[in-house]
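1. Please work out how this folds:
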Amino acid sequence: VKAEEMKDKSFKPLWMVQNSELRQANPKGQYALEFHLGNWLKDSIYAVTDGSKANAFYMPVPCTSLINSQKKRVPSQRVAQHYVRRVENYVVHEMPYWNVSQGADHFYSCSHDMGTETAKLTSEKFQRNVIGIINTADYNGEDLSNKFWNHAYPTNSNREVYVPHRDVTSLPFRFNDQKEVNKSYASTKYDAMFVGSIGNRTARTEVFNLFKNNPSFFLASNVFGDDYVNAFAEARFCMVIRGLTVWTRRMVETFLYSCIPIVISDHYVPPFNGILRWSQFSIFVKEDEVYTLPQILKSIDEAKWTQMQANLQLVRKHFVYNNPPQEYDAFHMTMFDLWRRLQNANMLER
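-> Next comes the predicted model:
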């Protein structure tokens, strides 16, 4: 990578690769989709061995493993960006399918926070056309534009971080360990809960400051194990508050543990948006309007809550990952969302 940087005489590289070994993403961690996706695709009904019959082409990018190859974020992100540029060069010059669509039927996955920033050294065609399956589904780009590591070195583009009509929001990864929850309106102790880190997370800090003394809210940062899971069962609603970026693993946990999500994350495009009617089983609140939460929750009576809870139960199967994948689960929903993007790009009529 240092040699690649030296080709650009306009600046002096301040780092070099210290570790050539890729440490794989934790296969059960929140970034694990990129670890499993390739194998699941190869073993699925969607795979073909004849590329001329394919509607789409998967470009493996071990985004999190590349990040793990370095101790610091700036060099690790640069390693990932160079890797993706090499992948592009190989696909464009060695594979026969790129020129058919200029990349519009190619896709990759990056579960790490850097998301589509991993493609910032690729060509304009790659950045404009290739579909990303991304956790950091931030259509505004404000989060990453404020991170210094995204500006430490020159890149080839100022493209949006996430383009909703092209890219796919991936569900944060958790294997299916659904618990049977017999929750009723009367059995819950709290109107809403949140358990998680708050350091350097502005939206979470604001929620804690507003409601830490409100007995209708359960807020904590150091709850683990069974107590953590039980907190979901004891609340009517569970807050999914943005972390360092727009996404958080609590998005999947609210479905695993049967708790209606309150999503507090501006500019976030939720998974399977446009497929599922999120308004029927969730609440979205703007970050600067969290002070209205008590009024919003009081406006939802038992009948409405019961209907929302029933709707949540209906869609739970779509928000879990299984190994191997099962019909209608998050893997198959992601593939359906990908198909919709290919349809938008007119890639299915070739």
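
2. okay, CA-based contacts and neighbour counts for the rest of this
-> Noted.

3. in this structure, which residue is closest to the centre?
-> In the chain, the centroid-proximal residue (Cα atoms, centre = their mean) is Asn135; its distance is 1.6 Å.

4. confidence score at that one?
-> As predicted, Asn135 sits at a pLDDT of 95.

5. my read: it touches Tyr162, true?
-> No. Using Cα atoms under 8 Å, Asn135 makes no contact with Tyr162, being 9.8 Å away.

6. for the strand or helix carrying Asp226, which positions count as buried?
-> Taking DSSP states H and E as the criterion, Asp226 maps to helix 225-233. Residues Tyr228, Val229, Ala231, Phe232, Ala233 are the ones in helix 225-233 that count as buried (16 or more other Cα atoms under 10 Å).

7. now the residues you listed as TSV including distance to Gly115 and pLDDT?
-> TSV is the format used below for the buried residues of helix 225-233 (distance: Cα to Cα, whole Å; pLDDT from 0 to 100):
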residue	distance to Gly115	pLDDT
Tyr228	28	95
Val229	29	93
Ala231	30	96
Phe232	29	96
Ala233	32	94
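
8. what's the most distant pair in those residues?
-> Within the buried residues of helix 225-233, two members stand farthest from each other by Cα to Cα: Tyr228 and Ala233, at 9.4 Å.

9. one step back: okay, and the common contacts of Asn135 and Tyr162?
-> With contacts taken as Cα atoms under 8 Å, 6 or more residues apart in numbering, Asn135 and Tyr162 have no neighbour in common.

10. Below-threshold pLDDT in the stretch 101-250 of the chain: ranges please.
-> 142-161 (pLDDT under 70).

11. How are the helices of it distributed by residue range?
-> Taking DSSP state H, counting those that start in this stretch as the criterion, the stretch 101-250 of the chain carries its helices at 124-129, 142-145, 202-211, 225-233, 250-256.

12. Kindly compare burial across the ones you listed and name the winner.
-> Here the criterion is mean neighbour count by mean count of other Cα atoms under 10 Å, and of these the winner is helix 250-256, at a mean of 23.

13. contacting residues around that one?
-> Helix 250-256 has contacts (Cα under 8 Å, 6+ apart) with 171-174, 176-179, 232, 238, 240, 260-261, 312, 316, 319-320.

14. cool, stretch 325-338 as well?
-> Applying Cα under 8 Å, 6+ apart, the contact partners of stretch 325-338 are Trp40, Val168, Ser170, Leu171, Phe272, Ile275, Lys317, His318, Phe319, Val320, Tyr321, Asn322.

15. Adding distance to Pro75, secondary structure and neighbour count, write the residues you listed out as JSON lines.
-> As requested, the contacts of stretch 325-338 are arranged in JSON lines below (distance: Cα to Cα, whole Å; DSSP: H, G, I helix; E, B strand; the rest coil; neighbours: other Cα atoms under 10 Å):
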{"residue": "Trp40", "distance to Pro75": "30", "secondary structure": "helix", "neighbour count": "17"}
{"residue": "Val168", "distance to Pro75": "27", "secondary structure": "strand", "neighbour count": "28"}
{"residue": "Ser170", "distance to Pro75": "25", "secondary structure": "coil", "neighbour count": "26"}
{"residue": "Leu171", "distance to Pro75": "27", "secondary structure": "coil", "neighbour count": "29"}
{"residue": "Phe272", "distance to Pro75": "33", "secondary structure": "coil", "neighbour count": "21"}
{"residue": "Ile275", "distance to Pro75": "38", "secondary structure": "coil", "neighbour count": "11"}
{"residue": "Lys317", "distance to Pro75": "39", "secondary structure": "helix", "neighbour count": "20"}
{"residue": "His318", "distance to Pro75": "36", "secondary structure": "helix", "neighbour count": "21"}
{"residue": "Phe319", "distance to Pro75": "34", "secondary structure": "helix", "neighbour count": "25"}
{"residue": "Val320", "distance to Pro75": "33", "secondary structure": "coil", "neighbour count": "26"}
{"residue": "Tyr321", "distance to Pro75": "31", "secondary structure": "strand", "neighbour count": "23"}
{"residue": "Asn322", "distance to Pro75": "34", "secondary structure": "coil", "neighbour count": "15"}
